[in-house]
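>>> this one's structure only:
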């Protein structure tokens, strides 16, 4: 049974979704692919996710490509150039990622408030996360 076949056997749509975008890195990869132009090169992704190992980044990108979430474009040149972008199917995840971002900010504000008795939590959390002034970092369009 292939990995794709196993994903089709989930009893719950949420479980099926998490089998594609779950884990420590896939959500972050998708999030960073929604920023800027929507096209990102491997080294730029590595810079944006400094804690991921090159082996793990390659593995996660391959899995997302296999699941039809991202497109990998290889240019025949030296040195090799590879760009990744969200497929149309992958772009359907943008509203989910936007909501995850908003929920994450609210969660961090709540945790910050509990630990610091509400000392300007929203502004402080955004400064710590390097978020822009509004919470809509990624575009849902």
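Perfect, I can see it now. What you see is a predicted model; the values in this text were computed from it and never measured.

>>> ok now stretch 30-50, how far from the chain's centre?
Relative to the centre of its chain, stretch 30-50 is centred 9 Å away, using Cα atoms, centre = their mean, to the nearest Å.

>>> against which helices or strands is the helix or strand where residue 15 lies packed?
Element membership of residue 15 [criterion: DSSP states H and E] is helix 13-21. On a contact count with 3 or more Cβ pairs under 8 Å, 6 or more residues apart in numbering; DSSP states H and E, helix 13-21 meets helix 3-8, helix 26-33. C-betas here are computed from N, CA, C, even on glycine.

>>> who touches the helix or strand containing residue 59?
Under the criterion DSSP H and E, the helix or strand holding residue 59 is helix 54-66. Residues outside helix 54-66 that contact it (Cβ atoms under 8 Å, 6 or more residues apart in numbering): 3-4, 20, 23, 25-26, 29-30, 42, 45-46, 49, 52, 70-72, 84, 90.

>>> swap in stretch 30-37?
The contact list for stretch 30-37 (Cβ under 8 Å, 6+ apart) reads 21, 40, 45, 48-49, 64, 69-70, 84-86, 90, 93-94, 97, 100-101, 137-139.
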